[in-house]
Structure formats: C-alpha cells, structure tokens
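> sequence unknown, structure follows:
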C-alpha cells in the first residue's frame, strides 16, 4: 500500500494515542504482510508484529516528521523483524 497523503496529514494533527490506532489500522496489514514474507513463519511474523506495535506506541510521540508515517512504520517493521527473540 503506498503512502496516503490525506491520511498522513490527519495523522500529523492527531493526539499520539489516536494516531497509533489510525496508523495501525491503515498500515498494519501491509506491515504484517511484509513480516510474513521476510520471516516466512506465521508465528514469527505475529511475534514481530507485536514488537512493531509496541515500537509504534512507544515512539509515536517523538515522531519528528522527517519522513512520512508510512516510511517511519516501514523502518519500525524492519527493526521489529530483527529484534524478535531467536
């Protein structure tokens, strides 16, 4: 799913808790699909998605706008894929 400019503008004006829910609703499926392809195991992908979700919740208030939320979510998904326990 490509970046959605209208959604990106809305996310930038929301309170962090609301933005987390909207971001996960908009980009969560894409992130889970990415994790499934990269990790090749549904359980590993679910675990990495939980890490991704936690990263989003922990870091969204500090999001500085240096990139789109879509790009930021993609970067966090990559981090989540690497951080899951072996």
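Cool, the structure landed. Please read these numbers as outputs of a predicted model, since none were measured by experiment.
> Tell me where this structure has helices.
When secondary structure is read from DSSP state H, the chain shows helices at 5-13, 16-39, 42-59, 69-83.
> quick one: contacts of the third one?
This means helix 42-59. By Cβ atoms under 8 Å, 6 or more residues apart in numbering, the residues outside helix 42-59 that reach it are 20, 23-24, 28, 31-32, 35-36, 39, 73, 76-77, 79-81, 83-85. C-beta here means a position set from N, CA and C on the backbone, and glycine is covered the same way.
> model confidence over it, on average?
When pLDDT is averaged along helix 42-59, the result is 95.
> give the contact list for the spatially most central residue of the chain.
Residue closest to the mean C-alpha point of the chain, counted by Cα atoms, centre = their mean, is residue 73 at 3.5 Å. Counting by Cβ under 8 Å, 6+ apart, residue 73 touches 23, 27, 31, 52, 56.
> was I right about the second one contacting residue 69?
By that I understand residue 27. Yes - between residue 27 and residue 69 there is a contact at 7.5 Å, judged by Cβ atoms under 8 Å.
> Show me how to select, in ChimeraX, the buried members of the contacts of helix 42-59.
Isolation of the buried members of the contacts of helix 42-59 (16 or more other Cβ atoms under 10 Å) is achieved in ChimeraX through the command below:
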select :20,23,24,28,31,32,35,36,39,73,76,77,80,81,84
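> Touching the worst-scoring helix or strand of the chain on mean pLDDT from outside, list them.
Among the helical and strand segments of the chain, the one scoring lowest on mean pLDDT, DSSP states H and E is helix 5-13, with a mean of 82. In this structure, residues lying in contact with helix 5-13 by Cβ under 8 Å, 6+ apart are 19, 22, 23, 26, 65, 68, 69, 70.
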